[in-house]
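Sequence first, then the predicted structure, then my questions.
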Amino acid sequence: MKKNILLGICGGIASYKSCELVRLLIKEGFAVKVVMSPAATKFVTPLVFQNLSQNPVYLDMFDLSQADVGHISLTQWAHLCVIAPLTANTLSKIAGGVCDNLLTTVVCALAKNTKVLLAPAMNECMWKNPIIQENVAKLEKLKKYIVLTPPKGELACGIYGEGRMPEPQDIFRHIKSLLKK
């Protein structure tokens, strides 16, 4: 049976890596639908993800061209939700139950047994901020959320530190592992 991956993409420079993740998933036979935060569209266009995923890209909770209630139909479709990259902003919104865009609303509406794999990507100071770490701990405690620790490396701001989005191949391995269970 083909597994359905709902890929959330947040507005960070690492969003270009999500293109490779979609390619890996499609090549392996997964079905992929992409939900982008408003800021994500500033880094990579929805058209790129539409072509790679072979599905429409979901951007707006109030899109009248959708015949169904988008955030509900997406949650019913998904076997697994992956957010890569996950920004500090969206991480904090999810931890606080804030539903102010399609991506955060979809995550909030997912069935209790649908896992969410989170691949944070942010500046090291943001990642190590005690508030962000509290939010990570809060999500991990729920067991529904699996947070991948960002590796160390050169960050977009030019410094070396912790905060890079895990490589697409590593995220892909986690996805395959989660769906075997």
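Perfect, I can see it now.

And residue 18, how close does it get to residue 43?
Residue 18 is 9 Å from residue 43, where distance means C-beta to C-beta, to the nearest Å. Backbone N, C-alpha and C define where each C-beta goes, glycine included.

In terms of neighbours, single out the busier of the two.
residue 18 (31 against 17; other C-beta atoms under 10 Å).

And the pLDDT at that one?
pLDDT for residue 18: 98.

contacting residues for the nearest residue to it once chain neighbours are set aside?
With C-beta to C-beta, 6 or more residues apart in numbering as the criterion, residue 18 has its nearest non-adjacent residue at 5.1 Å, and that residue is residue 9. By C-beta atoms under 8 Å, 6 or more residues apart in numbering, the contact list for residue 9 reads 15, 18, 34-37, 40, 44, 49, 83-85.

Tell me which of those fall in helices.
18, 49 (DSSP state H).

who wins for neighbours among the contacts of residue 9?
residue 18 (31 neighbours).

which residues sit in contact with it?
7, 9, 44, 49, 84-85, 168.

Name the secondary structure element that contains residue 137.
helix 130-141 (DSSP states H and E).

Packing partners of that helix?
helix 88-96, strand 145-147 (3 or more C-beta pairs under 8 Å, 6 or more residues apart in numbering; DSSP states H and E).

For the most centrally placed residue in the chain, which non-adjacent residue is spatially closest?
The C-alpha lying nearest the average C-alpha coordinate of the chain belongs to residue 83 (C-alpha atoms, centre = their mean; 1.0 Å). Distance criterion C-beta to C-beta, 6+ apart; nearest residue to residue 83, sequence neighbours excluded, is residue 8 at 3.8 Å.

Now for the closest residue to residue 159 other than its chain neighbours: which residues touch it?
Using C-beta to C-beta, 6+ apart and skipping residues adjacent in sequence, the residue nearest residue 159 is residue 124, 6.9 Å away. Residues in contact with residue 124 (C-beta under 8 Å, 6+ apart) are 155, 159, 161-163.

What separation do you get for residue 124 and residue 75?
33 Å.

Same check on residue 56?
16 Å.

same deal with residue 148?
22 Å.

follow-up on the earlier one: more neighbours, residue 56 and residue 75?
Under the neighbour definition other C-beta under 10 Å, residue 56 and residue 75 were set side by side, and residue 75 has more, 19 against 15.
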